[in-house]
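Trainee: pasting a predicted model and its sequence here:
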Amino acid sequence: MKKASIIIIALLGGFLGKAQDIIPLDTINWNFEAESYILEEFKGKKSIYLQGGSIILKDGDFLNGTIEYDIYLKEVQAFPGVYFRMNGNDAEHFYIRPHQAGNPDANQAIPLTKGISPWQLYYGEKYAFPYEYKYDDWTHVKLVVHDDKAQVFLDYSEEPNLSWQLFHEPVEGGISLNGGNAQGMHLANIRIDKTKHELKNFKPLDRKPIEGLIPQWQLSDKFEEQLLDDHSKIPQIITDRTWGETVVVEEGTAANISRKVERFDDTPGNTVFAKIELDATSDMTKLFEFGYSDRAVVILNGKPIYKGNNRYRSRDYRYLGTIGLFDAVYLPLRKGKNTLLLAVSEDFGGWLVTGRFLDTKGLKIQ
């Protein structure tokens, strides 16, 4: 019995020690899925120069723990980072924007939800922080993950640079790192330690909700956006739809359609109808404030009354397309039941819808 205990302790000690070691950059430990990569000694470290892709850890059962790595940043537009708890097209994600050094959006904590990264919803100081990056030395990144919480520490900071609530249910999954898409960057000293997941001074920031939002929307199945080009066919497009899923507002800001609808599956389509029903006590005109991403057609009782584009860089080269109540339309409501639809189309950055009526006198929203 004593001998068996010694063996168990020895094995456990070996496992704990290994968890803190640098994971070799080889095909034993990683799957390399990139346009190109080079394994080389760079600036004193054994590294990988990764371009146009990712490296995926073969041990895909990360739930809680610490993820650490070094990255040599370039002063270029890129989004190098780490995905963790990867399950299909869902994951948690933290990445750096090296071209935004010193700006409020110098980085991003965000979910991957059915293949969509909705940074147009999860923006602001709750999910990013300003940081002055260096481009002549390595940057150290440490993530600490525990259940539904995470923190990031840059360059061996004693205090977390950011603390945030995670976006998905805590389920173990894979880990993947990318080096900044086509720009390419060096990664080195990757460590995963599942035994260390203690958070430090966890104080996530709050986000002020928008008051009076419609709390939920009913969603249709997907269809191709181009079907809307012929407005005379819109009533038939509506008739052809199936309904079922309901999506609720998040962050007190907008509803994330990709929570319920798979944008990038085998079914064609980049557009859904988001619907609410309105009961009016008489004929009336009401101002409806709304937001969407990326494009929308507003349809009242089967008739289109608005078409808009809120896509990234759609209005000028600095325009982000973040979600908010930036558009409005006067709705000519008839007495009794009215159906309001927003046909919302998505490219990337968030499949989103939101809206409110400031004046609800004589109006019931179902």
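Mentor: Ah, there it is.
Trainee: tell me where the stretch 251-366 of the chain has strands.
Mentor: 254-256, 271-280, 284-293, 295-300, 303-309, 327-333, 336-345, 352-356, 363-365 (DSSP state E, counting those that start in this stretch).
Trainee: likewise the stretch 51-200 of the chain?
Mentor: 65-72, 81-87, 90-96, 107-112, 139-146, 149-154, 162-165, 174-178, 185-193.
Trainee: tabulate those (JSON lines), appending mean neighbour count, mean pLDDT and distance to residue 26.
Mentor: Where C-beta positions appear, they are placed from N, C-alpha and C, glycine not excepted. JSON lines is the format used below for these (neighbours: other CB atoms under 10 Å; pLDDT from 0 to 100; distance: least, CB to CB, whole Å):
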{"stretch": "strand 65-72", "mean neighbour count": "21", "mean pLDDT": "98", "distance to residue 26": "16"}
{"stretch": "strand 81-87", "mean neighbour count": "22", "mean pLDDT": "97", "distance to residue 26": "19"}
{"stretch": "strand 90-96", "mean neighbour count": "22", "mean pLDDT": "98", "distance to residue 26": "23"}
{"stretch": "strand 107-112", "mean neighbour count": "23", "mean pLDDT": "97", "distance to residue 26": "26"}
{"stretch": "strand 139-146", "mean neighbour count": "21", "mean pLDDT": "98", "distance to residue 26": "21"}
{"stretch": "strand 149-154", "mean neighbour count": "21", "mean pLDDT": "98", "distance to residue 26": "27"}
{"stretch": "strand 162-165", "mean neighbour count": "19", "mean pLDDT": "98", "distance to residue 26": "32"}
{"stretch": "strand 174-178", "mean neighbour count": "22", "mean pLDDT": "97", "distance to residue 26": "15"}
{"stretch": "strand 185-193", "mean neighbour count": "20", "mean pLDDT": "97", "distance to residue 26": "12"}
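Trainee: tabulate the ones you listed (a markdown table), appending distance to residue 324.
Mentor: Output for the strands of the stretch 51-200 of the chain, formatted as a markdown table (distance: least, CB to CB, whole Å):
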| stretch | distance to residue 324 |
| --- | --- |
| strand 65-72 | 32 |
| strand 81-87 | 25 |
| strand 90-96 | 22 |
| strand 107-112 | 17 |
| strand 139-146 | 29 |
| strand 149-154 | 26 |
| strand 162-165 | 20 |
| strand 174-178 | 29 |
| strand 185-193 | 32 |
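Trainee: deepest-packed of the strands of the stretch 251-366 of the chain, please.
Mentor: strand 254-256 (a mean of 28; mean count of other CB atoms under 10 Å).
Trainee: for it, the distance to its chain's centre please.
Mentor: Put simply, strand 254-256 sits 12 Å off its chain's centre (CA atoms, centre = their mean, to the nearest Å).
Trainee: adjust the sequence numbering to begin at 273 for everything that follows.
Mentor: Sure, I'll start counting at 273 from here, so that last one is strand 526-528.
Trainee: who does it touch, helix- and strand-wise?
Mentor: strand 515-522, strand 624-628 (3 or more CB pairs under 8 Å, 6 or more residues apart in numbering; DSSP states H and E).
Trainee: can you redo those strands as TSV with mean pLDDT and distance to residue 356?
Mentor: Below are the helices and strands packed on strand 526-528 laid out as TSV (pLDDT from 0 to 100; distance: least, CB to CB, whole Å):
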stretch	mean pLDDT	distance to residue 356
strand 515-522	95	21
strand 624-628	98	24
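Trainee: for residue 477, which of the strands of the stretch 523-638 of the chain is the nearest?
Mentor: Proximity to residue 477, assessed across the strands of the stretch 523-638 of the chain by CB to CB, is greatest for strand 526-528 (18.4 Å).
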